[in-house]
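Q: how would this look folded up:
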Amino acid sequence: MRSLIGFPAVVNEKAARAVAGQVVVVTALALATGWLWLSAVLAVGFALRVASGPRFDPFGQLATKVLAPRLGAPVVVAGPPKRFAQGVGFVFTAGATAALALGAPVVAVGLLAVLLVFASLEAVVGFCAGCFVFGYLMRWGVVPEETCAACNDISLRRREVQPA
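A: As a prediction, this is how the structure comes out:
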């Protein structure tokens, strides 16, 4: 029986980009309308994805079950860098939510604007800034190599992507 908590070892890059696209839409909506409370919705989604991948997250479910299958064959990438990136997204959205609660909407807008830029890079051109930073953290020894065997061994990335 599969554990309810835990991130997949490998993920479909197309699904990750589809999730990022949804984050872009909601973040842009929050910034355009002033509905900064949407940062709390985004934070919950990031927290769910960090804890269990796409399993319980509506964005993750839509991406893995509906959007990514329509984009062609899966492109398999290592899971740990994507989990780290989701964690960074959580920090930004939780920070925006806290700033809003503390009466600092300008800080919330700034954090959401940064999120919008990096989520757009992931969704549109496939550049995952969190994954980029994760790679450096591994090289510097901050993240142990055993955390992501697939990051160092390309043959491990060729496994089938497990459905969420």
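Q: give me the element Ala96 is part of.
A: Using DSSP states H and E, the element containing Ala96 is helix 79-101.
Q: buried ones in that helix, by neighbour count?
A: 79-90, 92-100 (16 or more other Cβ atoms under 10 Å). Every C-beta, even on glycine, is put in place using the N, C-alpha and C of the backbone.
Q: looking at this, Val77 is in a strand?
A: Yes: if the criterion is DSSP: H, G, I helix; E, B strand; the rest coil, then Val77 is within a strand.
Q: state the distance from the nearest residue to it once chain neighbours are set aside to Val23.
A: Leaving aside its chain neighbours, Val77 sits nearest to Glu13 (4.7 Å; criterion: Cβ to Cβ, 6 or more residues apart in numbering). Between Glu13 and Val23 the computed distance is 15 Å (Cβ to Cβ, to the nearest Å).
Q: more neighbours: the two, which one.
A: Val23 (24 against 19; other Cβ atoms under 10 Å).
Q: what strand or helix carries that one?
A: Going by DSSP H and E, Val23 is part of helix 13-33.
Q: angle of that helix against helix 79-101?
A: 10 degrees (axes from the mean of the first three to the mean of the last three Cα atoms, to 10 degrees).
Q: straight-line length of stretch 6-18, end to end?
A: The straight-line separation of the ends of stretch 6-18 (Cα to Cα, to the nearest Å) is 20 Å.
Q: in that stretch, which residues are buried?
A: Buried residues in stretch 6-18, counted by 16+ other Cβ under 10 Å: 7-18.
Q: sorry, back to before: need the contact list for the residue nearest to Val77.
A: By Cβ atoms under 8 Å, 6 or more residues apart in numbering, the contact set of Glu13 is 74-77, 126.
Q: please check those and keep the buried ones.
A: Taking 16+ other Cβ under 10 Å as the criterion, what is buried in those is 74-77.
Q: for these, give me CSV that also has distance to Gly135 and pLDDT.
A: Below are the buried ones among the contacts of Glu13 laid out as CSV (distance: Cβ to Cβ, whole Å; pLDDT from 0 to 100):
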residue, distance to Gly135, pLDDT
Pro74, 21, 90
Val75, 18, 91
Val76, 17, 90
Val77, 12, 91
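Q: would you check which pair of these lies furthest apart?
A: Pro74 and Val77 (9.5 Å; Cβ to Cβ).
Q: joint contacts of the two?
A: 12-13.
Q: most remote residue from this protein's center?
A: The C-alpha centroid of the chain is most remote from Gly103, which lies 26.9 Å away (Cα atoms, centre = their mean).
Q: so it lies in a strand, does it not?
A: No: secondary structure of Gly103 (three-state DSSP): coil, not part of a strand.
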